[in-house]
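Asker: With the sequence up front, the predicted model follows.
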Amino acid sequence: MIDFITTYAPQLIVAGLKYTIPLALISFAFALVFAGFVGVFRSYDPQVTGFKKVLWFILNNLLAFYVWAFRSTPMLVQLFVVFYGLPKLGIEWLQPSAWVAAIAVLSLNSGAYASEAIRAAISSIPGTQREAAQALGMTEGQTFTRIILPQAARVSIPTLANSFISLIKDTSLASTVTIVEMFYLSQQMAAVTFEPLQMYLLVAAIYAIFVTILSIPQRYIQRWADRFVK
Amino acid sequence: MLKLEHVNKIYKEHQALNDINVTFNPNETTVIVGPSGSGKSTLLRSLNLLEHPENGMYTLDDRTIDYSKPVSKDTLLWIRHKTGMVFQQPRMFDHLTVMGNMIEAPVHVLKQSKAEAIEHGHELLQAVGLDDTADRYPYQLSGGQTQRIAIARALAMHPDYLLLDEPTSALDPEIEAQILRILKRLAEKHESMIIVTHNMEFAKNAADRMLFLEDGAIDFDGTPDEFFNHPTERIDRFLNAYKI
Ligand SMILES: Nc1ncnc2c1ncn2[C@@H]1O[C@H](COP(=O)(O)OP(=O)(O)OP(=O)(O)O)[C@@H](O)[C@H]1O
Ligand SMILES: [Mg+2]
């Protein structure tokens, strides 16, 4: 058993450090950008009229469609559409490499969920906070960025942390688009060693360790964000 | 000078303000009283446009707006800047310290320097006896302390008119007296204030002018002496309801 671990764990960990973790971190960074934009845009009523209102309405619905589409379909299917499907359109710039496909799908998918977390957090801040800011003469924009968002950010942390954990594990799907990340490697090695139980338990343990370590910052971020609540 | 002419506010089928005509003089304390649901909060909130009546005219200094038309952003912000509001339930910005609350609008609305705003913030906190709480977060304050800071925060904007909507009704009598003394001091300094309150003792002592609201209409507009010593039959009944 010990032998098994010392033989195979290092290779798996290296694959994890080279593929799983970078995939997760890069995708989550993009996911946060998408989620921030979509979540804020869909929460914000710009109180404009005319042409701007039409533009806002269209974009708002496009974003709603994006969130709906990614939340209503399996990520595995999304990955296949992007990696195996899109190239068949024959458009020159639409031939994503495995990495681009994986990062695009992981981040768009995670971003769709996270945007809902951000939207929920924003709407959880009571309207009285907004009124208080406006009564002090702050503009809609100032009220939103300086009063609502900082409080909403705190509320959204636990849900975003959950999204991040899911994302780390979901990187294993990249194995289906030829990326030899941790799980793909474990499959290959299981086939050679004829020890699927031990091999998959080992890779499961390594995922668990990665997730645990990567979750540590959450505690500190949460503690910092909770400084203004009981 | 702050003036309302023929102002009506209608919620669905209910008329919360019914042809309000009133002028609030500067450097005076106007106390608004009236039964629950008579439209006191609605009237006050219409003065800083947190509420938007259906029609009527609103004049503040040299600007007049027609409530039945949309208000320009510029005018809206100008009115909010000229009026300060203290709510019944204190509304601190929970993510900012007491000093953060004090300087938020002076720095970002009035564009004061941070140092200047902080210095002024300390002065105002001293005036309400709470300078030692400057570094605390709102959750570390009592209700009474929070309300005193809310008053200081509104004053930090140097509003021409300070609007207060039952600022003490969520507090116990001792704390209430403490806050009303602060407001009385402001009244004596001829700060322009419009206060909705159920505290008749305060009205008697601090008001330059009394308004009595009923069913969204102004039923009395006159001096405290008239109001308390020569009440109409309706006001007499209202005042008697406060006697135990
Ligand atoms: N958002 C709203 N929607 C519908 N009706 C409302 C709304 N706000 C207030 N009203 C109604 O308008 C009337 C006036 O309300 P307002 O809050 O101004 O009364 P008030 O004099 O401040 O009462 P209180 O002393 O209880 O605070 C009430 O009948 C109330 O039910
Ligand atoms: Mg009220």
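Answerer: In hand now; what should we look at? Numbers count the residues shown, from 1 in each chain, chains lettered A, B, ... in the order given. Ligands and ions are numbered 1, 2, ... in the order given.
Asker: OK, now which residue of chain A is nearest to ligand 1?
Answerer: In chain A, the residue found nearest to ligand 1 is residue A:127; the distance is 11.3 Å by Cβ to the nearest ligand atom. Where C-beta positions appear, they are placed from N, C-alpha and C, glycine not excepted.
Asker: show me what contacts that residue?
Answerer: Contacts for residue A:127 (Cβ atoms under 8 Å, 6 or more residues apart in numbering or on different chains) come out as none.
Asker: Can you verify residue B:57 is assigned to a strand?
Answerer: Yes - checked against DSSP: H, G, I helix; E, B strand; the rest coil, residue B:57 lies within a strand.
Asker: count of residues packed around it?
Answerer: Neighbour count of residue B:57, defined by other Cβ atoms under 10 Å in any protein chain shown: 15.
Asker: Contacts only, for it.
Answerer: The contact partners of residue B:57, taken as Cβ under 8 Å, 6+ apart, are B:3-7, B:64-67.
Asker: Just among these, which is most surrounded?
Answerer: Going by other Cβ under 10 Å, residue B:7 tops the contacts of residue B:57 with 24 neighbours.
Asker: Isn't residue A:71 up against residue A:113?
Answerer: Yes - at 6.6 Å, residue A:71 counts as touching residue A:113 under the criterion of Cβ atoms under 8 Å.
Asker: between those two, who's got more neighbours?
Answerer: For residue A:71 versus residue A:113, neighbours defined as other Cβ under 10 Å are more numerous around residue A:113 (19 against 12).
Asker: Buried ones in the longest helix belonging to chain A, by neighbour count?
Answerer: Taking DSSP state H as the criterion, chain A has its longest helix at helix A:196-225. By neighbour count with 16 or more other Cβ atoms under 10 Å in any protein chain shown, helix A:196-225 contains the buried residues A:199, A:202-203, A:206-207, A:210, A:214, A:218, A:225.
Asker: and chain B, which residues reach ligand 1?
Answerer: Residues of chain B lying close to ligand 1 by Cβ under 6 Å from any ligand atom are B:11, B:14, B:16, B:34, B:36-42.
Asker: hmm, try it at 8 Å
Answerer: Residues of chain B lying close to ligand 1 (Cβ under 8 Å from any ligand atom) are B:9, B:11-12, B:14, B:16-17, B:34-45, B:88, B:165-166, B:196, B:198, B:213, B:216.
Asker: Residue A:152: what's it in contact with?
Answerer: The neighbours of residue A:152, taking Cβ under 8 Å, 6+ apart as the test, are A:118, A:121-122, A:124-125.
Asker: Distance check, it against residue A:116.
Answerer: With the distance defined as Cβ to Cβ, to the nearest Å, residue A:152 ends up 13 Å from residue A:116.
Asker: Please verify my assumption that residue B:63 contacts residue B:78.
Answerer: Yes - the pair residue B:63 / residue B:78 is scored as a contact, 7.0 Å apart, by Cβ under 8 Å.
Asker: okay, those two: which has more neighbours?
Answerer: Regarding residue B:63 and residue B:78, a neighbour count based on other Cβ under 10 Å identifies residue B:78 as having more, with 16 against 12.
Asker: And residue B:210, which helix or strand is it part of?
Answerer: Element membership for residue B:210 (DSSP states H and E) is strand B:209-214.
Asker: distance between that strand and the chain's centre?
Answerer: The chain centre lies 14 Å from the centre of strand B:209-214; the measure is Cα atoms, centre = their mean, to the nearest Å.
Asker: Following element in sequence after it, please.
Answerer: strand B:217-222.
Asker: Now do that next one: which elements does it pack against?
Answerer: Counting by 3 or more Cβ pairs under 8 Å, 6 or more residues apart in numbering or on different chains; DSSP states H and E, the packing neighbours recorded for strand B:217-222 are strand B:14-24, strand B:209-214, helix B:233-240.
Asker: buried sites along that strand?
Answerer: For strand B:217-222, a neighbour-count test (16+ other Cβ under 10 Å) marks B:217-218, B:220-221 as buried.
Asker: Mind listing residues that contact it?
Answerer: Counting by Cβ under 8 Å, 6+ apart, B:18-22, B:34, B:209-213, B:227, B:232, B:234-235 sit against strand B:217-222.
Asker: the inter-axis angle of it versus strand B:14-24?
Answerer: 20 degrees (axes from the mean of the first three to the mean of the last three Cα atoms, to 10 degrees).
Asker: The next helix or strand after strand B:217-222 - contacts with which helices or strands?
Answerer: Later in the chain than strand B:217-222, the nearest helix or strand by DSSP H and E is helix B:224-229. Counting contacts by 3+ Cβ pairs under 8 Å, 6+ apart, helix B:224-229 is packed against helix B:200-206, strand B:209-214.
Asker: Note down every partner strand of the shortest one and its orientation.
Answerer: Just to be clear, that refers to strand B:209-214. Paired strands of strand B:209-214, with direction, are strand B:29-33 (parallel), strand B:217-222 (antiparallel) (DSSP bridges).
Asker: for the record, mean pLDDT for the longest one?
Answerer: When pLDDT is averaged along strand B:217-222, the result is 95.
Asker: Can you show me the helices along chain B?
Answerer: Counting by DSSP H, the helices of chain B are B:40-47, B:73-82, B:98-108, B:114-127, B:143-155, B:173-188, B:200-206, B:224-229, B:233-240.
Asker: and what of chain A?
Answerer: In chain A, the helices defined using DSSP H lie at A:2-15, A:21-43, A:51-71, A:75-80, A:98-124, A:127-135, A:140-142, A:149-170, A:182-193, A:196-225.
Asker: and among these, the most buried is which?
Answerer: helix A:98-124 (a mean of 21; mean count of other Cβ atoms under 10 Å in any protein chain shown).
Asker: Report the angle between that helix and helix A:51-71.
Answerer: 120 degrees.
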